[in-house]
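*Asks:* structural data only, the sequence is not supplied:
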(Lines give C-alpha, C1' and ligand atoms only; values in the text may rest on other atoms or scores of the structure.)
Protein backbone atom coordinates (compact mmCIF):
# COMPACT_ATOMS: atom_id res chain seq x y z
CA UNK A 1 0.00 0.00 0.00
CA UNK A 2 2.75 2.44 0.95
CA UNK A 3 4.71 1.56 -2.17
CA UNK A 4 1.69 2.24 -4.38
CA UNK A 5 1.12 5.64 -2.79
CA UNK A 6 4.81 6.46 -3.12
CA UNK A 7 4.89 5.45 -6.77
CA UNK A 8 1.79 7.51 -7.57
CA UNK A 9 3.20 10.57 -5.77
CA UNK A 10 6.50 10.15 -7.62
CA UNK A 11 4.67 9.97 -10.96
CA UNK A 12 2.67 13.12 -10.20
CA UNK A 13 5.84 14.88 -9.02
CA UNK A 14 7.66 13.90 -12.22
CA UNK A 15 4.81 15.03 -14.47
CA UNK A 16 4.62 18.42 -12.76
CA UNK A 17 8.36 18.99 -12.99
CA UNK A 18 8.51 17.86 -16.63
CA UNK A 19 5.51 20.04 -17.48
CA UNK A 20 7.12 23.09 -15.91
CA UNK A 21 10.41 22.45 -17.69
CA UNK A 22 8.59 21.91 -20.99
CA UNK A 23 6.71 25.18 -20.52
CA UNK A 24 9.88 27.08 -19.78
CA UNK A 25 11.99 25.62 -22.58
CA UNK A 26 9.69 24.97 -25.54
CA UNK A 27 6.82 27.44 -25.22
CA UNK A 28 7.53 30.97 -26.38
CA UNK A 29 7.19 33.38 -23.48
CA UNK A 30 6.41 37.10 -23.64
CA UNK A 31 8.91 39.53 -22.15
CA UNK A 32 6.61 40.35 -19.24
CA UNK A 33 4.97 37.65 -17.15
CA UNK A 34 1.21 37.84 -16.80
CA UNK A 35 -0.34 37.72 -13.30
CA UNK A 36 -2.09 34.44 -14.16
CA UNK A 37 1.22 32.81 -15.14
CA UNK A 38 2.88 34.06 -11.96
CA UNK A 39 0.07 32.65 -9.83
CA UNK A 40 0.20 29.31 -11.67
CA UNK A 41 3.97 29.00 -11.24
CA UNK A 42 3.67 29.90 -7.56
CA UNK A 43 0.96 27.28 -7.09
CA UNK A 44 2.97 24.59 -8.88
CA UNK A 45 6.05 25.43 -6.82
CA UNK A 46 4.05 25.01 -3.61
CA UNK A 47 2.66 21.68 -4.79
CA UNK A 48 6.14 20.42 -5.76
CA UNK A 49 7.53 21.37 -2.33
CA UNK A 50 4.62 19.58 -0.64
CA UNK A 51 5.10 16.46 -2.76
CA UNK A 52 8.85 16.45 -2.05
CA UNK A 53 8.18 16.51 1.70
CA UNK A 54 5.51 13.84 1.42
CA UNK A 55 7.71 11.53 -0.64
CA UNK A 56 10.66 11.93 1.71
CA UNK A 57 8.39 11.27 4.70
CA UNK A 58 7.04 8.11 3.10
CA UNK A 59 10.50 6.84 2.26
CA UNK A 60 11.80 7.61 5.75
CA UNK A 61 8.85 6.07 7.58
CA UNK A 62 8.88 2.96 5.40
CA UNK A 63 12.60 2.54 6.02
CA UNK A 64 12.15 2.89 9.77
CA UNK A 65 9.31 0.36 9.83
CA UNK A 66 11.26 -2.24 7.86
CA UNK A 67 14.36 -1.95 10.02
CA UNK A 68 15.01 -5.02 12.15
CA UNK A 69 15.92 -4.20 15.73
CA UNK A 70 17.31 -6.81 18.06
CA UNK A 71 18.64 -6.60 21.58
CA UNK A 72 22.18 -6.72 20.17
CA UNK A 73 21.55 -3.55 18.12
CA UNK A 74 20.25 -1.73 21.18
CA UNK A 75 23.39 -2.50 23.22
CA UNK A 76 25.67 -0.60 20.79
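*Replies:* Great, that's in hand. For clarity, every value in this text was computed on a predicted model and none was experimentally measured. Numbering: from 1, shown residues only.

*Asks:* now the phi/psi pair for residue 14, please.
*Replies:* Backbone torsions for residue 14, taken as degrees, to the nearest 10, come to phi -60, psi -40.

*Asks:* contacting residues for it?
*Replies:* Residues counted as contacts of residue 14 (Cβ atoms under 8 Å, 6 or more residues apart in numbering): none. Every residue, glycine included, has its C-beta placed from N, CA and C.

*Asks:* how close does it sit to residue 52?
*Replies:* Distance, residue 14 to residue 52, by Cβ to Cβ, to the nearest Å: 12 Å.

*Asks:* with residue 42 instead?
*Replies:* 16 Å.

*Asks:* just residue 37 next, same as before
*Replies:* Taken as Cβ to Cβ, the span from residue 37 to residue 52 is 22 Å.

*Asks:* same check, this time on residue 43
*Replies:* For residue 43, the distance to residue 52 - Cβ to Cβ - is 15 Å.

*Asks:* then residue 5?
*Replies:* Look at residue 5 and residue 52: by Cβ to Cβ, they are 15 Å apart.

*Asks:* same check, this time on residue 25
*Replies:* 21 Å.

*Asks:* try residue 24
*Replies:* Taking Cβ to Cβ, one finds residue 24 at 19 Å from residue 52.

*Asks:* and what of residue 60?
*Replies:* Relative to residue 52, residue 60 is positioned 12 Å away (Cβ to Cβ).

*Asks:* setting aside sequence neighbours, what's the nearest residue to residue 17?
*Replies:* Counting by Cβ to Cβ, 6 or more residues apart in numbering, residue 17 lies nearest to residue 48, which is 6.6 Å off, once chain neighbours are set aside.

*Asks:* just to revisit the earlier point, between residue 43 and residue 52, which has more neighbouring residues?
*Replies:* Neighbour tally, residue 43 and residue 52, criterion other Cβ atoms under 10 Å: the higher count belongs to residue 52, 13 against 10.
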